[in-house]
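**Student:** How does the following fold in three dimensions:
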Amino acid sequence: MSQPVFGRLLTAMVTPFRPDGTVDLAEARKLAAHLVDVQHNDALVINGTTGESPTTTDAEKAELVAAVVDEIGDRAQVVAGIGTNNTRHTIELARQAADAGASGLLVVTPYYSKPPQDAIAAHFRAVADATELPVMLYDIPHRAGVPIQTATLIELAAHPRIVAVKDAKGDLVASAAVIAATGLHYYSGDDALTLPLLAVGGVGVVGTSTHFTGARAKAMIEKFLAGDLAGAIADNAALLPVFTGVFATQGCMLVKAGLEARGFHPAVLRAPLLSASAEQQATFVAILDAAGL
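**Tutor:** Purely as a prediction, here's the structure:
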């Protein structure tokens, strides 16, 4: 397999907000630098749903991408989450992200409206045609309401700019079938399935817990690729409580709670999300402490 287009380790970065709810670009820069320089990310996903993209404006999205691109320079790539359930708006966001300096696009399946497969394929092709940036499809049927079916993924792989999949389908057999039939680079969209996906030909992870586990998750990936399966399994076992614990209530809520406890920005979220309770924060921080993170 060729070198993965976005590297091996990506984190879907949260968006820092000030106590008054406005976007804190200075904290976004600080967090992005930490994720690249300390947690060893090859790329960051900005404006994904973990970044609370449903509640940020288009202008805020552009500012976030531009700030992170400026902060991390050529040390890592910036992949912009631009997917919506409106094809025209998604195309506008794709072009905006390209203008802001993004090096790739993450495009989720149009959600809620549950379009048929031919409409899903047409949506993705239209977005991929809108810029020169490489595209990662985001297959997450339990949130979008509909999967990107195997035949559709194989069809879309023929597009020169559709190069990768963030796979949150939880169907390793289906993923293996697409990997075997295409050159698509498969990234786990579920932190706990990173190692199993690698075993069937996946290339890495777009993580949430990787705000904290990044360096060790990358070491796990590298051990697997080097043939140290026992070492990778041991790393996976040690990190599994964090991989799963970050989703005990809601991923963004617990990431922000954990970051606050580790000295980063206050755990401010935009409605309808709420800050984690003191009990939820304490439980998650205990999991991080137990893992030595």
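**Student:** For the protein, just list every one of the helices.
**Tutor:** Counting by DSSP state H, residue ranges of the helices within the chain are 25-37, 58-72, 87-100, 117-130, 141-144, 150-156, 172-181, 194-199, 210-225, 229-245, 251-261, 278-290.
**Student:** Give me the buried positions along stretch 136-149.
**Tutor:** The neighbour-count check on stretch 136-149 (16 or more other Cβ atoms under 10 Å) flags Met136, Leu137, Tyr138, Asp139, Ile140, Pro141, Ala144, Val146, Pro147, Ile148, Gln149 as buried. Placement of C-beta: from N, CA and C, glycine included.
**Student:** Now flag whichever of these is closest to Phe124.
**Tutor:** Leu137 (6.2 Å; Cβ to Cβ).
**Student:** and the closest one, how far is that from Tyr187?
**Tutor:** 10 Å (Cβ to Cβ, to the nearest Å).
**Student:** ok, the residue nearest to Gly245 when sequence neighbours are not counted - how many residues close by?
**Tutor:** Closest residue to Gly245 in three dimensions, ignoring its sequence neighbours and counting by Cβ to Cβ, 6 or more residues apart in numbering: Ile287, at 4.3 Å. Applying the criterion other Cβ atoms under 10 Å, we find 20 residues in the vicinity of Ile287.
**Student:** thinking Ile287 is in contact with Val242, fair?
**Tutor:** Yes. When contacts are counted by Cβ atoms under 8 Å, Ile287 is listed as touching Val242 (5.7 Å).
**Student:** so which of the buried residues of stretch 136-149 comes closest to Phe224?
**Tutor:** When those are ranked by distance to Phe224 (Cβ to Cβ), Met136 comes first, at 21.0 Å.
**Student:** My guess is the closest one contacts Ser103. True?
**Tutor:** No. Applying Cβ under 8 Å, one finds Met136 not in contact with Ser103, separated by 11.2 Å.
**Student:** Return every residue with contacts to both of those two.
**Tutor:** For the pair Met136 and Ser103, residues contacting each of them under the criterion Cβ atoms under 8 Å, 6 or more residues apart in numbering are Val79.
**Student:** now Val285: how far from Val45?
**Tutor:** With distances defined as Cβ to Cβ, the gap from Val285 to Val45 amounts to 24 Å.
**Student:** ok, those two, which is more surrounded?
**Tutor:** For Val285 against Val45, the residue with the higher neighbour count under other Cβ under 10 Å is Val45, and the figures read 28 against 17.
**Student:** That one - nearest residue in space that isn't next to it in sequence?
**Tutor:** Ala12 (4.4 Å).
**Student:** ok, back up a step: anything in contact with each of Leu137 and Tyr187?
**Tutor:** When contacts are counted by Cβ under 8 Å, 6+ apart, Leu137 and Tyr187 have Ala164, Val165, Lys166 as shared neighbours.
**Student:** most neighbours, which of these?
**Tutor:** Highest neighbour count within those, by other Cβ under 10 Å: Val165, with 29 neighbours.
**Student:** which residues touch that residue?
**Tutor:** Listed by Cβ under 8 Å, 6+ apart, the contact partners of Val165 are Met136, Leu137, Tyr138, Asp139, Ile148, Leu153, Ser175, Val178, Leu184, His185, Tyr186, Tyr187.
**Student:** Roughly how far does the residue nearest to Gly245 sit from Gly204?
**Tutor:** Ile287 sits 23 Å away from Gly204, taking Cβ to Cβ as the criterion.
**Student:** now Ile221
**Tutor:** Using Cβ to Cβ, one gets 6 Å for the distance from Ile221 to Gly204.
**Student:** Identify the contacts common to those two.
**Tutor:** Residues touching both Ile221 and Gly204 (Cβ under 8 Å, 6+ apart): Arg8, Leu9, Thr194, Leu198.
**Student:** farthest pair in these?
**Tutor:** Using Cβ to Cβ, the pair of these lying farthest apart is Leu9 and Leu198, separated by 12.1 Å.
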